[in-house]
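Asks: Make a model of this:
(one chain, ligands or ions: 1)
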Amino acid sequence: MTKKLVLGVLCMILSTWTVAKTTIQKTEGVNKLTVHADQGRETIAPEIYGHFAEHLGRCVYEGFWVGEYSDIPNVRGIRTDVVEALKKLNIPVLRWPGGCFADEYHWKDGIGPRDQRPKMVNTHWGMVTDDNAFGTHEFLDLCEMLGCEAYIAGNVGSGTPEEMQDWVEYMTFDGDSEMANLRRKNGREKPWKIKYFGVGNENWGCGGSMTPEYYSDLYRQYQTYVRSYPGNWVAKVACGPGGMDYNWVEVILKKIGARMNAYGQHYYVRGTGNWTQKGSATNFDDKEWFALMENTLKIDEIIRRNKELLDKYDPHGRIDLYVDEWGTWWDEEPGTKGGFLYQQNTLRDAVSAGIFLNEFNKHCDRVKMCNIAQINNVLQAMILTKGKEMLLTPTYHVFEMYKAHQGAKLLPSDLVCNGYEMNGAKLAALNVSASKDSSGSIHVTICNLDPDAPAELEFVLKGAKPVSITGRVLTAEAMNTHNTFENPNVIKPTALKNLEIQKGKICVTLLAKSVSVLKIN
Ligand code: AHR
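Replies: Numbering: from 1, shown residues only. Here you go, the predicted model:
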């Protein structure tokens with residue numbers, strides 16, 4: 001065979017290779033899943049399980065930062081209970097300081113003796129005064145405590161290229177320079193490693209109301225000064241679109257694709273409401289449940305459209321797609337401060353998170369980082385705090401259940417399942433992803449979107465023989481079940497019953513409105 005022919009055949013094989021196929025069957029019956037255990041090719045980047053902490057409401061202040069003199073147990077001002085709980089998620093990366101806040105943040109205000117740091121007004125989020133107690137050193141100390149990479153979002157909207165260059169030099173340069181010496185004077189001899197640097201955030205909106213053309217021009221200029229100093233290669237991340245603004249994607253890929261390593265898509269979901277009335281986090285009906293599931297599933301289409309544009313402008317796959325803000329966004333909890341985006345978190349949020357993570361896994365050939373918004377006390381949080389108390393949300397539990405996928409090989413899967421219907425619209429009732437870890441264990445995560453009907457699932461592992469199986473499930477009686485400070489453990493994972501291996505086939509009952517993880521050896 002000629003070289004050309006071999007290449008042609010190879011391309012054909014690759015183009016027909018799909019990572020996941022879901023078919024809704026016409027007549028209700030047993031749901032069937034095939035997991036291709038012999039075909040794992042792509043690695044699920046651990047960073048898909050990344051997080052985001054903004055100077056917004058009580059995310060950083062109270063959520064992490066309580067100060068060294070607080071009676072809440074802390075290490076160098078960072079609260080111990082929250083860090084200990086988050087360590088169980090194996091957090092790979094944390095994005096900071098915003099969000100919208102990033103484009104009005106001047107990092108030099110957040111270094112040096114705390115009592116001498118200037119104060120600023122957080123104009124995006126509640127007009128509160130930020131005393132800059134939590135700055136670069138505190139954030140990177142937190143990353144070291146969590147054992148995660150830092151993803152810094154730089155200021156394009158109201159900052160200067162010089163300010164951006166100085167920040168990178170301050171954090172990462174090991175030699176003799178004004179910035180490196182300033183860092184030393186402030187108590188940090190050795191530079192930190194900074195793997196990811198965002199050049200602006202939502203510059204089409206809160207980050208400067210720019211057109212994609214104007215942002216692209218500014219990006220060219222600013223990114224020039226984001227230097228990789230010896231020993232620290234930094235990935236440059238461009239601002240991507242909000243939702244389905246594919247024109248933004250097309251323009252930035254065309255104009256600045258060669259100068260970026262990745263760009264960050266944002267996608268927030270809600271139920272039937274609109275941006276002024278997003279709906280209650282806890283008080284909703286089955287139509288709103290359905291609408292959230294429907295909106296969540298649209299992430300698949302959004303990623304596909306991004307991939308099409310990436311394939312056109314970056315056919316060799318050099319540019320990564322990040323989804324560096326995602327999650328549910330509800331009305332703020334009644335009685336809480338406006339602009340603080342504090343919301344409760346129910347089983348509904350958990351199922352939505354489970355679907356998002358399955359979809360990110362399935363697109364791990366291009367999707368290399370995702371950051372749920374946000375880690376504490378804001379939007380779809382992992383942790384809620386009240387003074388000394390803290391609780392784990394249902395979404396926290398999903399991240400804990402899914403952590404086995406981090407760094408594992410994605411296994412292609414074919415699912416044939418029943419529909420979940422509402423007013424003539426139909427969704428696949430089940431949503432799945434599967435992976436094989438380095439020890440050979442297979443993990444399958446499955447969401448049952450239907451709030452009323454359990455689902456019988458039969459599945460086979462192609463190319464492997466299951467010997468043992470265990471499972472955990474997150475579910476509850478009511479759709480809006482959530483943890484409160486009075487009852488912090490109402491909803492948490494329990495052992496999944498009704499699962500067995502019958503003649504090489506796995507049979508499992510997936511409870512209504514649930515997220516399950518199966519471990520198969
Ligand atoms: O996560 C809250 C806000 O949502 C972020 O600051 C901004 O980037 C987005 O609009």
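Asks: quick one: the residue in the stretch 401-521 of the chain positioned nearest to the ligand from Leu341, how far?
Replies: Closest residue of the stretch 401-521 of the chain to the ligand, C-beta to the nearest ligand atom: His482 (20.3 Å). For the C-beta atoms, the positions are set from N, CA and C on the backbone; glycine is no exception. According to C-beta to C-beta, to the nearest Å, His482 and Leu341 sit 17 Å apart.
Asks: between these two, which one's more packed in?
Replies: Shown here are His482 and Leu341; by other C-beta atoms under 10 Å, Leu341 has more neighbours (25 against 22).
Asks: which stretch of helix or strand covers the more buried one?
Replies: Here Leu341, judged by DSSP states H and E, is contained in no helix and no strand.
Asks: What about it? Give its phi and psi, please.
Replies: The phi/psi pair for Leu341 (degrees, to the nearest 10) reads phi 50, psi 40.
Asks: Against Lys386, how distant is it?
Replies: Applying C-beta to C-beta to Leu341 and Lys386 gives a distance of 16 Å.
Asks: Could I get the contacting residues of the residue of the stretch 401-521 of the chain closest to the ligand?
Replies: Counting by C-beta atoms under 8 Å, 6 or more residues apart in numbering, His482 makes contact with 282, 344-347, 393-394, 490-491.
Asks: again, but for His443
Replies: Counting by C-beta under 8 Å, 6+ apart, His443 has contacts 404-405, 408, 434-437, 517-520.
Asks: pretty sure Trp329 contacts His266?
Replies: No - counting by C-beta atoms under 8 Å, Trp329 does not reach His266; the two are 10.8 Å apart.
Asks: Could you check which of the two has the larger neighbour count?
Replies: Between Trp329 and His266, counting by other C-beta under 10 Å, His266 is the more crowded of the two (23 against 19).
Asks: what number of residues lie near Lys21?
Replies: 11.
Asks: How about it: what's its closest non-neighbour residue?
Replies: The spatial neighbour of Lys21 that comes closest, neighbours along the chain excluded (C-beta to C-beta, 6 or more residues apart in numbering), is Asp414 at 4.7 Å.
Asks: hmm, back to that, next up, phi/psi of the residue of the stretch 401-521 of the chain closest to the ligand, please.
Replies: Dihedral angles of His482 (phi, psi; degrees, to the nearest 10) stand at phi -150, psi 160.
Asks: what does the one 3 residues further on give?
Replies: Recorded main-chain torsions at Phe485 are phi -70, psi -30, according to degrees, to the nearest 10.
Asks: Then the one 5 residues further on?
Replies: Recorded main-chain torsions at Val490 are phi -60, psi -40, according to degrees, to the nearest 10.
Asks: Near it, how many residues? Count them for me, please.
Replies: 16.
Asks: So it sits against Leu474, correct?
Replies: No - contact criterion C-beta under 8 Å: Val490 and Leu474 do not qualify, at 11.6 Å.
Asks: Can you measure across stretch 66-73, start residue to end residue?
Replies: One end of stretch 66-73 sits 9 Å from the other (C-alpha to C-alpha, to the nearest Å).
Asks: can you tell me if stretch 325-345 touches the ligand.
Replies: Yes - contact of stretch 325-345 with the ligand (C-beta under 6 Å from any ligand atom) involves Glu325.
Asks: mind checking the end-to-end distance for that stretch?
Replies: End-to-end distance for stretch 325-345, by C-alpha to C-alpha: 17 Å.
Asks: ok now it, how far from the chain's centre?
Replies: 17 Å (C-alpha atoms, centre = their mean, to the nearest Å).
Asks: With stretch 38-55 instead?
Replies: 8 Å.
Asks: same thing with stretch 280-297?
Replies: Counting by C-alpha atoms, centre = their mean, stretch 280-297 is centred 20 Å from the centre of its parent chain.
Asks: May I have it as CSV, with CA atoms only?
Replies: The C-alpha coordinates for stretch 280-297 follow below in CSV (Å, rounded to 0.1, in the frame of the first residue of the first chain):
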residue,chain,number,x,y,z
SER,A,280,-35.3,29.5,43.0
ALA,A,281,-32.6,27.0,43.9
THR,A,282,-34.8,25.0,46.2
ASN,A,283,-38.4,25.8,45.2
PHE,A,284,-39.2,24.4,41.7
ASP,A,285,-41.4,22.0,39.9
ASP,A,286,-40.9,19.1,37.5
LYS,A,287,-41.0,21.5,34.5
GLU,A,288,-38.1,23.5,35.9
TRP,A,289,-36.2,20.2,36.6
PHE,A,290,-36.7,19.1,33.0
ALA,A,291,-35.6,22.5,31.7
LEU,A,292,-32.4,22.4,33.6
MET,A,293,-31.6,18.9,32.3
GLU,A,294,-32.3,20.1,28.8
ASN,A,295,-30.1,23.2,29.1
THR,A,296,-27.3,21.2,30.7
LEU,A,297,-27.3,18.7,27.8
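Asks: Report the mean per-residue pLDDT for that stretch.
Replies: Summarised as a single mean, pLDDT over stretch 280-297 is 97.
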